[in-house]
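J.: what shape does this take:
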Amino acid sequence: MNSPDDGGHGADLSDGRETAPVLIERSSAVGTFPEFQYSPDNVEGPGCTVDPSEVTLPGCSCLSHSCCTESCSCLQTHGQAYDSTGTLLGLSRTDSVYCSPVFECNALCTCSDTCSNRVVERGLRLRLEVYSTRKRGWGVRTLEAIPRGTFVCEYAGEVIGFEEARRRQLTQRAEENNYIIALREHAGTGSIIETFVDPAVVGNVGRFLNHSCLPNLFMLPVRVHSVVPRLALFAGRDISAREELTFDYSGGYSNRPPVELLSTQSDAAIQASRADGLKRKACHCGASNCAQFLPLDLSILN
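T.: This is a model prediction of the structure:
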């Protein structure tokens, strides 16, 4: 379990599991650092029907340094998501929303490990730091400038089933944080693919990202080796060094959600003034368009 107790700044939260170390700046103002098992990738949890570590997608037979649409079966089937530098393509100039599904080259592909269609697969490449914020507990900031469209990190954790997500939500104490993200992808008429990820006990640096009603990151499902999507976070705009990294827990970016993404981060089944019996948590993002409350997904409790 990750619970570093050496003082000050500079410890690697990932304990070498990431390509780039995840630094920690701790302060007594936030209290005890949470204990959890660090994993850079999704792991199979209760109710998960497909092992996210299992390779279930076909690979290409490219022998070039980097795949191209003229010859790569992956790109021909799913389209090109990144440019030659690994930056996400197809972003609107105004709202940075990318709507097409993303499939990367995988372990069965014969192309180079540095192929431009291997981005999320290569893992964390940026210098990030977990630190104590003034009003929102732990947060994450970048120690270097991040250009728009750059992959930042995953929101990785246990992939669980609906019933397990519901059970965890209902048994959660009021003082506990709930990290479950519910991703719903519309795969056709009447077809919805649901993925539930909970990094509370097993997770990565993404578990420390705070919500903002005016975020600088947006989440996109990316499939690499498995049909189980990875919840990848990309820079929606140019981000300065030392800036806090945030995303909208409801899945939106500039009021246009790329996918239906709903966080279940709320007080679970506690007394409230609302008829549904839930009390919404106050939002302290400080944005000019702040909704005053964190997003609340009621469907998981029905």
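J.: CA only for contacts and neighbour counts going forward, please
T.: Will do.
J.: quick check: residue 159 touching residue 196?
T.: Yes. Using Cα atoms under 8 Å, residue 159 makes contact with residue 196 at a distance of 5.7 Å.
J.: okay, buried residues for the lengthiest helix in the chain please.
T.: Determined from DSSP state H, the single longest helix within the chain is helix 162-170. By 16 or more other Cα atoms under 10 Å, the buried positions in helix 162-170 come out as 162, 164, 165, 166, 169.
J.: so where's the stretch 51-200 of the chain shaky on pLDDT?
T.: Scanning the stretch 51-200 of the chain for pLDDT under 70 picks out 92-99.
J.: what about the strands in it?
T.: 102-103, 128-132, 138-142, 151-154, 157-160, 181-188, 191-203 (DSSP state E, counting those that start in this stretch).
J.: the helix or strand following the last one pairs with which strands, and in what direction?
T.: To tie it back to what came earlier, the one meant is strand 191-203. Once the chain leaves strand 191-203, the next helix or strand it forms, by DSSP states H and E, is strand 210-211. Partners of strand 210-211 in the sheet, by DSSP bridges, are strand 246-247 (parallel).
J.: what about the partner strand, distance to the chain center?
T.: 9 Å (Cα atoms, centre = their mean, to the nearest Å).
J.: tilt between the longest helix of the chain and strand 181-188?
T.: For helix 162-170 against strand 181-188, the angle by axes from the mean of the first three to the mean of the last three Cα atoms, to 10 degrees is 150 degrees.
J.: for residue 232, grab phi and psi.
T.: Torsion angles at residue 232 (phi, psi; degrees, to the nearest 10) stand at phi -90, psi 140.
J.: next, format the buried residues of helix 162-170 as JSON lines and append distance to residue 181.
T.: Shown next, in JSON lines, are the buried residues of helix 162-170 (distance: Cα to Cα, whole Å):
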{"residue": "162", "distance to residue 181": "11"}
{"residue": "164", "distance to residue 181": "13"}
{"residue": "165", "distance to residue 181": "9"}
{"residue": "166", "distance to residue 181": "12"}
{"residue": "169", "distance to residue 181": "11"}
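J.: report the beta-bridge partner residues of residue 88.
T.: On the basis of DSSP bridges, residue 88 is bridged to residue 82.
J.: one more: residue 198?
T.: Note on residue 198: beta-bridge partners by DSSP bridges are residue 158.
J.: what's near enough to touch residue 105?
T.: Residues in contact with residue 105 (Cα atoms under 8 Å, 6 or more residues apart in numbering) are 59, 60, 74, 117, 118, 224, 225.
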